[in-house]
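A.B. asks: Kindly generate the corresponding structure for this input.
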Amino acid sequence: MKPFEIEELFLHKPPEIGSAKIDATYQSYFLEDMYRSLASHHAYRDDLSAMKNSVEFRYPYLSNDLIEYVAQIPEEIRFNGKINKPLLRKIAEKYVPAQVLVMKKKGFTFPFFQWYQEDQRLRNFIKEHLESLKKRKILNNSTIEKWQNSIHKPEDLNKIWQLVTFEVWQQTYFD
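C.D. replies: Numbers count the residues shown, from 1 in each chain. Down below sits the predicted model:
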């Protein structure tokens, strides 16, 4: 979900946190990622998933020495505001075909949108859980309905699926 979509989803806006302003510099994002996001979320979650399935999982660039070294490289070399990871891409030019270096980022996905289009049981599951979620009156029901009635591409379904998983979580832990 995009930030504006999240805002329209909630019935009540959260209160402002003091008068603190967000430091929107590259360095602040870099530090936030290093100290909070990567350590407490991605690596931990991925490690648990890998261990549960007896898989050995490694982050190729998650080395304290490498991170400390990269943190000392001037910002304009690490991030130029146009392309992601310009230094790494420059080095990779020697080893990787040019068309690979310009490919869009792509996750490992399954054909969820196709399943949605073809499987009535899945559509019913989604509909039932969204109806249940709307009865809770936690989120803006008109936004949920608007999203539900405008599923035309995979990104549209992703937003809906996040709401369905939220409702499943509610049922599992609070009902």
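
A.B. asks: What segments of this protein are helices?
C.D. replies: Remark: helices assigned in the chain by DSSP state H are 3-9, 26-32, 43-52, 64-72, 75-78, 86-92, 98-101, 112-118, 120-136, 141-148, 154-174.

A.B. asks: Now do the fifth one: distance to the chain's middle.
C.D. replies: Right, helix 75-78. Helix 75-78 has its C-alpha centroid displaced from the chain centroid by 24 Å (Cα atoms, centre = their mean, to the nearest Å).

A.B. asks: elements contacting that helix?
C.D. replies: helix 26-32, helix 86-92 (3 or more Cβ pairs under 8 Å, 6 or more residues apart in numbering; DSSP states H and E). The way it works is simple: take the backbone N, C-alpha and C, and place the C-beta from them, glycine included.

A.B. asks: Which of these comes out lowest on mean pLDDT?
C.D. replies: Of all those, helix 26-32 carries the lowest average pLDDT, namely a mean of 68.

A.B. asks: right, and the helices of the chain - which one's nearest Arg58?
C.D. replies: Evaluated over the helices of the chain, closeness to Arg58 peaks at helix 43-52, with 9.1 Å, by Cβ to Cβ.

A.B. asks: tell me which residues in the closest one are buried?
C.D. replies: Residues of helix 43-52 include none that count as buried (16 or more other Cβ atoms under 10 Å).

A.B. asks: Kindly provide the whole-number mean pLDDT of that helix.
C.D. replies: If you average the pLDDT values across helix 43-52, you get 78.
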